[in-house]
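>>> sharing a sequence plus its predicted fold:
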Amino acid sequence: MKGLDMLLSSSVGTSGAQRPLGILAALPEELGDLLDAMRAGSGVQTVTHGRREYHVGSVHGVRCVVTLARIGKVAAAATVSALIHAFNIEAIVFAGVAGGVGRAVKIGDIVVSDALLQHDLDASPLFPRFEVPLLGIARFAADPALAAQLAAACERFVAQEGAALAARFGTQMPRVHRGLVISGDQFVASAAAVEALRDAQPDALAVEMEGAAIAQVCYEYGVPCAVVRTISDTADDHAPASFESFLSEIAGTYSTGILQRFLQDFANTRG
Ligand code: ADE
């Protein structure tokens, strides 16, 4: 029996009453200490499937499948599709960093997505710019309850750890924003490019490379999803350096603090 089949027929697979939550990020730093916490708290089974490692176990009281999507919309869509089909997940939470697009969104702030759109999708004049052809949708909504629970965890994280984080990293006191996150297969790194995104989507708060692809797949399969992004850069000419240092020094602290609070709350509300 191959690894995945064995796992699916075992007790930590998908046969129990409660389906697991899928948690993913693009890069390891964006998961914080989640995998270590999972290993410390429960037995973890790791399955390799389609060049991804899926870690199945429990963390902070919630049965989860944790994996890394890698970078870009195709990688993200393929990973979430596997989470849905091979692991029968109940819902998806994506955590990571993003470039700030909204003028009030600063480095160190947190954006919880209410809606997601692919800013580089353009099949015009056949279909309106940004609309997913044949679906007739440009903006995919995050699951309202999941996004609210994620935002509440972020608010608690900022209230409890924000001042210390700001002092430690020399950033301002972090704020939590809710709204539109836009995704595309580009790392946005110039003042002109981020200005063009503001012109095209004036209410966009943040730009990244996976979220809207995940939201589209989740929409098509009726799986609730939510996305949280910490702002690592402002998508301008300083973005590459800011992204690198934020990712290596700070991103993990945010993901650890946010996901721990979210999962504890999720475990309590689900009973
Ligand atoms: N993720 C973090 N920063 C980003 C940027 N500037 N562009 C795209 N994705 C990002």
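Happy to help now that I have it.

>>> what does the stretch 101-250 of the chain have sitting close to the ligand?
187-189, 207-209, 232-233, 235, 239, 243 (C-beta under 6 Å from any ligand atom). For the C-beta atoms, the positions are set from N, CA and C on the backbone; glycine is no exception.

>>> recalculate using a threshold of 5 Å.
Within the stretch 101-250 of the chain, the positions adjacent to the ligand are 187-188, 207-209, 232-233, 235, 239, 243 by C-beta under 5 Å from any ligand atom.

>>> where does Glu220 fall, phi/psi-wise?
phi -70, psi -30 (degrees, to the nearest 10).

>>> excluding covalently adjacent residues, which one is nearest to it?
Leaving aside its sequence neighbours, Glu220 sits nearest to Leu135 (C-beta to C-beta, 6 or more residues apart in numbering; 7.6 Å).

>>> that neighbour: neighbour count?
The number of residues packed near Leu135 is 12, by other C-beta atoms under 10 Å.

>>> for it, what are its contacts?
Residues counted as contacts of Leu135 (C-beta atoms under 8 Å, 6 or more residues apart in numbering) are 216, 219-220.

>>> show me how to select, in PyMOL, the buried members of those.
Per 16 or more other C-beta atoms under 10 Å, the buried members of those correspond to this PyMOL selection:
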select buried, resi 216+219
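
>>> quick check, Gly57 in a helix?
No - applying DSSP: H, G, I helix; E, B strand; the rest coil, one finds Gly57 to be strand, outside a helix.

>>> that one touches Ala40, doesn't it?
No - the pair Gly57 / Ala40 is not scored as a contact, 10.2 Å apart, by C-beta atoms under 8 Å.

>>> quick one: which of these two has more around it?
Gly57 (21 against 10).

>>> give me the nearest residue to the more buried one, chain neighbours excluded.
Excluding its sequence neighbours, the residue lying closest to Gly57 (C-beta to C-beta, 6+ apart) is Val44, at 3.9 Å.

>>> let me see the contact set for that neighbour.
For Val44, counting by C-beta under 8 Å, 6+ apart, the contacting residues are 35, 38, 55-57.

>>> swap in 10 Å and give it another go.
Residues near Val44 by C-beta atoms under 10 Å, 6 or more residues apart in numbering: 12, 35, 38, 55-59, 64, 66.

>>> repeat for Leu83
Applying C-beta under 10 Å, 6+ apart to Leu83 gives the contacts 20-24, 49, 52, 54, 65-67, 69, 89, 92, 214, 217-218, 223.

>>> so which of the residues you listed are in helices?
Among those, the members falling in helices (DSSP state H) are 214, 217-218.
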